[in-house]
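In: can't give you the sequence, but here's the structure:
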């Protein structure tokens, strides 16, 4: 009976550990426009830019209007980031659709976590406030107004600080798309627990077999 209990306990441990390897639901946000600013102190003017940012739909708060950034790249034509610069501290930023709004639109942008500073939120998008659900994919949204908030806070990137100081071209666009769910790989300690559970189960089974043979 004790051997059976050991087997059952080990099986339960393995099952629980397997269940805790949750499935992340990645989502990609794309914010594009044309503007002026600086890359590591070097100015640029009237260049196309794109912020491609990743988040996890399970991490949204505020009714889906706030989502921390997990990774991202900034691409700005004619600069050191023309081939894309990685955000070096993505955990500093969050995607937001609750900045408020006016003129019938909600402000979508990139906030700096724990700070009143804004990374980028020049434009007023539809649908109206309180904003779109950042856990869901959207079609392409085009801004229908501007709030004149620039210049913005800088972003830490692999090429140095990047700052948009003004939107100078057509109103920016925003879209979001879901990626295929990714199974979270167990950590080394979780693998150790799984292995330990299997050893316990094997040892218990062997003990039961020997007792029956005696």
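Out: Thanks, I have it. These figures come from a predicted structure and were not determined experimentally. Numbers count the residues shown, from 1 in each chain.
In: pLDDT at residue 27, what is it?
Out: Residue-level confidence at residue 27 comes out at 95, pLDDT.
In: Wait, it touches residue 58, no?
Out: No - contact status for residue 27 versus residue 58: not in contact, 9.9 Å apart, counting by Cβ atoms under 8 Å. Any C-beta I mention is one placed from the backbone N, CA and C, and that applies to glycine too.
In: Quick check: neighbours shared by the two?
Out: Residues touching both residue 27 and residue 58 (Cβ atoms under 8 Å, 6 or more residues apart in numbering) are residue 135.
In: the more surrounded of those two?
Out: A direct count of neighbours by other Cβ atoms under 10 Å for residue 27 and residue 58 places residue 27 higher, at 24 against 13.
In: residues contacting the more buried one?
Out: For residue 27, the contacting residues are 54, 55, 56, 57, 67, 134, 135, 137, 176, 177, 178, 179, taking Cβ under 8 Å, 6+ apart as the criterion.
In: If you tally nearby residues, what's the number for the third one?
Out: Other residues within reach of residue 56 by the criterion other Cβ under 10 Å amount to 16.
In: hey, what's it bridged with?
Out: Beta bridges link residue 56 to residue 26, judged by DSSP bridges.
In: Verify the stated contact: it with residue 70.
Out: Yes - counting by Cβ under 8 Å, residue 56 sits close enough to residue 70 to count as a contact (6.1 Å).
In: How many neighbouring residues does the closest residue in space to residue 35 that isn't next to it in sequence have?
Out: In this structure, residue 35 finds its nearest non-sequential neighbour in residue 167, 4.5 Å apart by Cβ to Cβ, 6 or more residues apart in numbering. Other residues lying near residue 167 total 23 when counted by other Cβ under 10 Å.
In: can I assume residue 167 is in contact with residue 146?
Out: Yes - the pair residue 167 and residue 146 qualifies as a contact (Cβ under 8 Å) at a distance of 6.7 Å.
In: In the chain, mark out all the helices, start to finish.
Out: If you assign secondary structure with DSSP state H, the helices in the chain sit at 2-19, 188-213.
In: and the first one, average pLDDT?
Out: Meaning helix 2-19. Per-region confidence: helix 2-19 scores 51 on mean pLDDT.
In: Could you tell me how far the most centrally placed residue in the chain is located from residue 45?
Out: The centre of the chain sits closest to residue 55, judged by Cα atoms, centre = their mean, with a distance of 1.5 Å. Look at residue 55 and residue 45: by Cβ to Cβ, to the nearest Å, they are 31 Å apart.
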